[in-house]
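Participant: below is the sequence, then the predicted model.
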Amino acid sequence: MLIVRKTDRLEGTVKAPPSKSYTHRAVIGASLADGESKIINPLWGADCLSSVHGCRMLGANIELNKEKDEWIVKGGELKTPDNVIDIGNSGTTLRILTSIASQIPKGYAILTGDDSIRKRPMQPLLDALKQLNIEAFSSKLDGTAPIIVKSGKIKGNEVKIRGDISSQFITSLMMLLPFNEEDTKIILTSPLKSKPYIDITLDILNKFGIKIDKTDNGFLVYGNQKYKAIDYIVEGDYSSASYLIAAGVLINSNITIENLFANSKQGDRAIINIVREMGADVKVKKDKVMIEGEYNLEGIDVDVKDIPDLVPTIAVLGCFADGKTEIYNGEHVRLKECDRLRACAIELKKMGADIKEKPDGLIIRGVKKLRGAKLNTYNDHRLVMAFTVAGLKAEGETIIEGEEAVKISFPNFVDVMKSLGANIERLSN
């Protein structure tokens, strides 16, 4: 667990951790490409290492070189796994590899994960694969993992899927369908949520030589395409940097966050505009963000349809802002590692926040001051980091349980915060 105490000053220059979304897609793309690819500056987080494990189980040869900070991937030859693929807590890995596993030469692949993963919805993807002649089903017949996937040839030139549950389902189909012999239309039957994650997928696939066009109601994936081996440098992660940005904005600070690209396709780059709209004068250069806090923030309304991972960060900012902050369009935020809307409401209330849960979001009336409390993080990495930021600004001492969850996306989060002067200490249970 972490003990977080009020911190008066943050100062220094740090690097944003590499992007989780880009690392996942890059290592899976490289595993599907003939020849040798290099993933440079990958995220060495538990979720991305789950993708490495899954790709190895499906036949890729992946060498991890910590010294050079690169992964060398020899891909192109899928094989039938000789054991169940356990992907831990990584929803992205489960969803993308469920589709890819259908292209093994024979037999079945079985994918499962931890308690949280075995509750995440999979049925929309399983239904979509069925339309393509791919047999994939829940072993419990309830649309959740373990998922059993049978080797099969893709047939058909059209697949319909909802766009409002998880963009990962659409990413999964996009990475599979180049293997179809014919061109395939992905038709979205409801509006697309988390669209920036699809933009990331399109960006990566384009780098690996895969051509996909946008259509009026979805996407057209060209058939008979081959992934080509590349060397790929992973950019910094705006989702993870949002906690550093929030801390800088709320506390007396002078911090620079490097490895954040101004032209990034990441949706969570929106954190810059959100804090600016709330009143923070954050400076953005080509590849870094500079903050001299603290700022008096004003509450705003935020549509989180495309930025679900920013919800815990925005909730904390709202607690310290003047007036009302409303988070809306976030029903899908309940389907993450935990129900993040409920968790934010329950836990921040313990600190004295005026926060109300609604079906698609949160209404937060700024109280300007929180007090330390003992917080449950539901094994959710984003809650650990957001609540740490709240604890740095709160009066007294905040105890945060489940700190080890940060290994999923920002393994050195605590050390980075301490290097800036954050008053945090680790306590072993």
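Facilitator: Structure received.
Participant: so which strand or helix has the spatially closest residue to residue 289 that is not a sequence neighbour?
Facilitator: Counting by CB to CB, 6 or more residues apart in numbering, the nearest residue to residue 289 once its immediate chain neighbours are dropped is residue 257, at 4.7 Å. For glycine as for every other residue, the C-beta is placed from the backbone atoms N, C-alpha and C. Using DSSP states H and E, the secondary-structure element containing residue 257 is strand 253-258.
Participant: for the following helix or strand past that strand, what is the average pLDDT?
Facilitator: Next in sequence after strand 253-258, counting helices and strands by DSSP H and E, comes helix 270-278. Across helix 270-278, pLDDT averages out at 98.
Participant: now swap in stretch 46-62 and tell me
Facilitator: Along stretch 46-62, the predicted local confidence has a mean pLDDT of 97.
Participant: that older thread, how about the contacts made by the residue nearest to residue 289?
Facilitator: For residue 257, the contacting residues are 13-16, 236, 241, 244-245, 248, 288-291, by CB atoms under 8 Å, 6 or more residues apart in numbering.
Participant: ok, 6 Å please
Facilitator: Contacts for residue 257 (CB atoms under 6 Å, 6 or more residues apart in numbering) come out as 14, 16, 241, 244, 289.
Participant: what strands line up against the strand holding residue 257, and which way round?
Facilitator: Applying DSSP bridges to the sheet, strand 253-258 is found paired with strand 10-15 (parallel), strand 288-291 (antiparallel).
Participant: and of those strands, who's closest to residue 418?
Facilitator: When those are ranked by proximity to residue 418, the top entry is strand 10-15, at 10.2 Å, counting by CB to CB.
Participant: now the closest one: buried residues?
Facilitator: 10, 14, 15 (16 or more other CB atoms under 10 Å).
Participant: check stretch 353-365 too.
Facilitator: Neighbour-count burial for stretch 353-365, counted by 16+ other CB under 10 Å, picks out 353, 355, 357, 360, 361, 362, 363, 364, 365.
Participant: which residues are contacting that stretch?
Facilitator: Contacting residues not belonging to stretch 353-365 are listed as 315, 318-319, 324-331, 341-342, 345, 348-349, 367 [CB under 6 Å, 6+ apart].
Participant: mind doing that once more with 7 Å?
Facilitator: Residues from elsewhere that reach stretch 353-365 (CB atoms under 7 Å, 6 or more residues apart in numbering): 304, 315, 318-319, 324-331, 341-342, 344-345, 348-349, 367, 370.
Participant: just the CA atoms of that stretch, as CSV, please.
Facilitator: Backbone C-alpha positions of stretch 353-365 (Å, rounded to 0.1, in the frame of the first residue of the first chain) are rendered in CSV as follows:
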residue,chain,number,x,y,z
ALA,A,353,-15.8,15.1,-2.1
ASP,A,354,-19.3,16.2,-3.1
ILE,A,355,-19.7,13.7,-5.9
LYS,A,356,-22.9,12.1,-7.4
GLU,A,357,-23.0,9.1,-9.6
LYS,A,358,-25.4,9.0,-12.6
PRO,A,359,-25.9,6.3,-15.2
ASP,A,360,-23.4,7.7,-17.7
GLY,A,361,-21.1,9.8,-15.5
LEU,A,362,-20.5,11.9,-12.4
ILE,A,363,-21.5,15.3,-11.1
ILE,A,364,-18.8,16.8,-8.9
ARG,A,365,-19.3,20.0,-7.0
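Participant: assign residue 356 to helix, strand or coil.
Facilitator: The three-state label for residue 356, taken from DSSP: H, G, I helix; E, B strand; the rest coil, comes out as strand.
Participant: next one, pLDDT for it please.
Facilitator: 98.
Participant: which residues does it bridge with?
Facilitator: Once the bridges are assigned, which here means DSSP bridges, residue 356 pairs with residue 363.
Participant: centre of the chain versus stretch 12-21, how much separation?
Facilitator: 14 Å (CA atoms, centre = their mean, to the nearest Å).
Participant: okay, it in PDB with CA atoms only?
Facilitator: This file holds the C-alpha atoms of stretch 12-21, laid out as PDB (Å, rounded to 0.1, in the frame of the first residue of the first chain):
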ATOM      1  CA  GLY A  12      11.800  18.500 -12.200                       C
ATOM      2  CA  THR A  13      11.800  16.900 -15.700                       C
ATOM      3  CA  VAL A  14      10.400  13.400 -16.200                       C
ATOM      4  CA  LYS A  15       9.600  11.200 -19.200                       C
ATOM      5  CA  ALA A  16       6.100  10.000 -19.900                       C
ATOM      6  CA  PRO A  17       6.000   6.200 -20.000                       C
ATOM      7  CA  PRO A  18       5.600   4.700 -23.400                       C
ATOM      8  CA  SER A  19       2.100   4.300 -24.800                       C
ATOM      9  CA  LYS A  20       0.300   1.100 -23.700                       C
ATOM     10  CA  SER A  21      -2.100   1.200 -26.700                       C
END
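Participant: could you pull up the mean pLDDT of that stretch?
Facilitator: The pLDDT scores in stretch 12-21 average 96.
Participant: start at 312 instead
Facilitator: Understood, numbering begins at 312; the last thing we discussed is stretch 323-332.
Participant: neighbouring contacts of that stretch?
Facilitator: When contacts are defined by CB under 7 Å, 6+ apart, stretch 323-332 is touched by residues 352-354, 356, 358-359, 508, 511, 545-548, 551-552, 555, 566-571, 577, 720-721, 727, 730-731.
Participant: let's go with 6 Å and repeat that
Facilitator: 352-354, 511, 545-548, 551-552, 567-571, 720-721, 727, 730-731.
Participant: in helices, which of those residues fall?
Facilitator: In helices, defined here by DSSP state H, the members of the contacts of stretch 323-332 are 511, 551, 552, 727, 730.
Participant: could you dump those into TSV and include distance to residue 709?
Facilitator: Output for those, formatted as TSV (distance: CB to CB, whole Å):
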residue	distance to residue 709
511	33
551	20
552	22
727	18
730	20
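Participant: what residues does the helix or strand hosting residue 459 touch?
Facilitator: Counting by DSSP H and E, the element that carries residue 459 is strand 458-461. For strand 458-461, the surrounding residues in contact (CB under 6 Å, 6+ apart) are 409, 412, 413, 419, 420, 421, 422, 433, 446, 447, 448, 450.
Participant: appreciated, that's everything.
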